[in-house]
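Asks: Fold the following and give me the result.
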Amino acid sequence: MSLVISEDIVQASGLSEKELVLELIILLFERKKISIGKASQLAKMPLLQFQNELAMRNINIHYDETDLDVDLKNLGII
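Replies: Just a heads-up that it's a prediction; the model follows:
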């Protein structure tokens, strides 16, 4: 599925398309809708870089055993 965001929304946000996508990914992570591993993958950032991005925004990393299991499955390890 693809999501089309109108140019009006992009312009109104004052962000580039890439920045707007990152904001959406961070929002989903912050609301515990996606794991940190999935978020960094969607953001096309190494995990450490994504964690630094969160730290710069003062967003706590919520990571528990369930998140670890999801990340391992996404990586094809289990």
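Asks: isn't residue 20 right next to residue 6, touching?
Replies: No - using C-beta atoms under 8 Å, residue 20 is not in contact with residue 6; the gap is 11.3 Å. Any C-beta I mention is one placed from the backbone N, CA and C, and that applies to glycine too.
Asks: Would you mark the buried spots in the lowest-mean-pLDDT helix or strand in the chain?
Replies: Taking mean pLDDT, DSSP states H and E as the measure, the chain has helix 65-74 as its least confident helix or strand, at a mean of 83. Neighbour counts over helix 65-74 (16 or more other C-beta atoms under 10 Å) mark 67, 71 as buried.
Asks: what's the answer for stretch 48-61, then?
Replies: Buried-residue list, stretch 48-61, by 16+ other C-beta under 10 Å: 50-51, 53-54.
Asks: Show me how far it is from its chain's centre.
Replies: Centre-to-centre, stretch 48-61 and its host chain are 10 Å apart (C-alpha atoms, centre = their mean, to the nearest Å).
Asks: helix, strand or coil for residue 41?
Replies: helix (DSSP: H, G, I helix; E, B strand; the rest coil).
Asks: Give me the pLDDT for it.
Replies: According to the prediction, residue 41 has pLDDT 95.
Asks: same check, this time on the one 10 residues further on
Replies: According to the model's per-residue confidence, residue 51 sits at a pLDDT of 95.
Asks: What lies in contact with stretch 4-18?
Replies: 19-20, 23 (C-beta atoms under 8 Å, 6 or more residues apart in numbering).
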